[in-house]
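Chemist: my questions are about this predicted structure, shown below with the sequence.
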Amino acid sequence: MNIKGLIKRGITAVFFVAVMVGGLYGGKYSFIALFAIITVLCLWEFFSLVLDDKTPMALPRKILGVVLGLTPFAWMSVLELGITKSPIEFVFYSSILFSPFFFLVFIVELFAKAKSPFYNIAFLFLGILYIGMPFALCGVIAFEGDLFYANTIFGILLLNWLNDTGAYFIGSMIGRTKLFPRISPNKTWEGTIGGVILTLITAYLLSIFFKEQNLTQWFILALIVSVFGTIGDLVESMLKRSFAIKDTGGLLPGHGGFLDRFDAFIFAIPFATAYLLWLR
């Protein structure tokens with residue numbers, strides 16, 4: 001990457017991190033608003049990529065997909081903010097009330113005149129699982145009763161960013177051995193190991209400043225991020241290769257789209273959630 005590209009990438013990163021930190025530490029409502037926006041943008045990019053956009057129902061289909069994909073996050077937000085007094089009853093009744101909306105997916109395809117209607121249906125439900133559910137789990141980590149663990153979410157995000165940064169720079173300098181050339185020709189084992197080392201160093205620093213987890217727990221989270229974040233990056237590369245594109249969007253100059261920035265986080269967060277819930 002040339003100097004101009006690095007400057008653009010750096011400026012975008014500064015503004016991006018500032019917005020993320022502001023949303024994370026602005027309180028519960030700003031946290032929910034931040035991740036709701038990120039979820040919507042990632043869902044929009046995903047559906048813009050995978051859905052058939054040459055039918056009369058292309059836009060309604062995409063909007064329906066975003067709404068359905070945001071549903072798990074909305075449920076989590078209502079539960080964690082204590083808006084309902086009976087979480088079990090809320091999940092039960094809201095599931096019944098929302099189930100007709102899920103079947104709208106099939107009804108839309110009846111009138112869409114798409115060549116492969118069940119192709120679109122499959123991707124609509126995949127968006128809920130691949131993007132909607134992981135972002136909903138962010139609230140499960142961040143909220144526990146009256147406690148708000150913003151530091152833990154920020155720490156996991158930071159581990160993801162540093163893992164990606166370490167892999168990029170070390171791989172660019174000394175990378176020789178290809179990690180997964182069929183899917184991502186530029187990724188190397190040297191870069192991956194460099195990312196792991198930088199992530200573990202970051203975990204040590206996080207343990208000094210953020211006492212929500214101890215050193216061992218931050219190290220385990222770092223390893224989870226290094227392994228599953230890297231796999232998540234490869235999965236998104238596989239997705240982009242399937243559709244012959246370089247980036248999922250252009251909202252972040254020098255970085256691509258939001259799905260490009262959160263691909264590793266999306267894949268790592270379910271495993272991090274399982275570990276943290278086990279600790280609790």
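Modeler: Good, I have the coordinates. Since this is a predicted model, take the numbers as computed values, not measurements. Numbering: from 1, shown residues only.
Chemist: list the contacts of residue 25.
Modeler: 150, 154 (CB atoms under 8 Å, 6 or more residues apart in numbering). C-beta coordinates here come from the backbone N, C-alpha and C atoms, glycine included.
Chemist: and if we set it to 10 Å?
Modeler: 31, 148, 150, 151, 154 (CB atoms under 10 Å, 6 or more residues apart in numbering).
Chemist: please apply the same query to residue 210.
Modeler: So residue 210 contacts 149, 150, 151, 152, 154, 155, 158, 218 (CB under 10 Å, 6+ apart).
Chemist: so of these, which ones are in helices?
Modeler: 150, 151, 152, 154, 155, 158, 218 (DSSP state H).
Chemist: contacts only, for the first one.
Modeler: Residue 150 sits next to 21, 23-28, 30-31, 141-143, 210, 212 when contact means CB under 10 Å, 6+ apart.
Chemist: and the helix or strand hosting residue 24, what's buried?
Modeler: Per DSSP states H and E, residue 24 falls inside helix 3-25. By neighbour count with 16 or more other CB atoms under 10 Å, helix 3-25 contains the buried residues 8, 12, 13, 20, 23, 24.
Chemist: chain center to that helix, what's the gap?
Modeler: Relative to the centre of its chain, helix 3-25 is centred 17 Å away, using CA atoms, centre = their mean, to the nearest Å.
Chemist: repeat for stretch 112-127
Modeler: 22 Å.
Chemist: what average pLDDT does that stretch get?
Modeler: The predicted model assigns stretch 112-127 a mean pLDDT of 91.
Chemist: tell me the contacts of the nearest residue to residue 81 once chain neighbours are set aside?
Modeler: Spatially, and ignoring its direct neighbours in sequence, residue 81 is nearest to residue 28 (6.4 Å; CB to CB, 6 or more residues apart in numbering). By CB under 10 Å, 6+ apart, residue 28 lies in contact with 77, 80, 81, 82, 139, 142, 143, 148, 150.
Chemist: repeat that for residue 277.
Modeler: Contacts of residue 277 (CB under 10 Å, 6+ apart): 137, 140, 141, 144.
Chemist: fine, thanks again, bye for now.
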